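Chemist: Using only what follows, build the 3D model:
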Amino acid sequence: MGPRSDNGRMVAKLVVITVAMFGFGYALVPIYKHICEALGVNVLSLTEGSGVARAPLPKNTQVDTSRTVTIEFDANARGPWQFKPAQRSLEVHPGELATVMYEFENVQNRTMAAQAFPSYAPKVATAYFNKLECFCFNEYTLAPGERKVWPVTFYVDPKLPKDVTTITLSYTFFDVKGKIPPAPQT
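Modeler: Model (predicted):
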């Protein structure tokens, strides 16, 4: 036997292995579907595929409707721009998801980079105020005269001490120095 026949046998083995791997990969889709059906996982796919109407989503039992917390919104700007909440306060039940908008305008004649930093009062509320979406997570670059409206989506943990009935969420917007070249001298 020469090297040519050894090479031929090796190629044949590799072709068989490749075909077997492709067949196994192709068979995984129905196998996965049957396993999910048997175990009751991936329920969303099952209801979509069967045409069965989905049951209504369960009510959020984490919301404490027995009490209300007033959230006050404050905004401070450390620079020549306008920054304010769209509303000054909001009443929420602990555990209830809420969204408030903040408005920002760069009134300078130059591009700027800035970021907001939050603070809370009373201090104990910090551990119970949970933001899911917030402009304070990022730094922003705004062109001259550019306006933005940003959301803050949050909930107050139901474990908030009962004596806390008002929380003040305050943001201070700072210029991020060194990110944008200084304004031209006139």
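Chemist: just checking, what packs against the helix ranked longest in the chain?
Modeler: When the chain is parsed with DSSP state H, its longest helix is helix 3-39. Here helix 3-39 touches helix 43-50, going by 3 or more Cβ pairs under 8 Å, 6 or more residues apart in numbering; DSSP states H and E. To be clear about C-beta, it is placed using only N, CA and C from the backbone, and glycine gets the same treatment.
Chemist: could you give me the average pLDDT of the helix it packs on?
Modeler: Helix 43-50 carries an average pLDDT of 42.
Chemist: Mind listing residues that contact the host helix or strand of T153?
Modeler: Assigned by DSSP states H and E, T153 belongs to strand 147-156. Strand 147-156 is contacted from outside by 69, 71, 86, 92, 94-106, 125, 128-136, 140, 142, 167, 169, using Cβ atoms under 8 Å, 6 or more residues apart in numbering.
Chemist: Among those residues, which ones are in strands?
Modeler: Among the contacts of strand 147-156, the residues falling in strands (DSSP state E) are 69, 71, 92, 98-106, 129-134, 140, 142, 167, 169.
Chemist: Can you flag the buried ones in those?
Modeler: Among the ones in strands among the contacts of strand 147-156, the ones that count as buried by 16 or more other Cβ atoms under 10 Å are 69, 71, 92, 100, 102, 104-106, 129, 134, 140, 142, 167, 169.
Chemist: Between these, which sits nearest A121?
Modeler: Nearest to A121 among these is I167, at 7.2 Å by Cβ to Cβ.
Chemist: In contact with the nearest residue to that closest one once chain neighbours are set aside, which residues?
Modeler: Take I167 and drop its neighbours on the chain: the residue closest to it by Cβ to Cβ, 6 or more residues apart in numbering is A125, 4.4 Å away. Residues near A125 by Cβ under 8 Å, 6+ apart: V156, L160, V164, I167.
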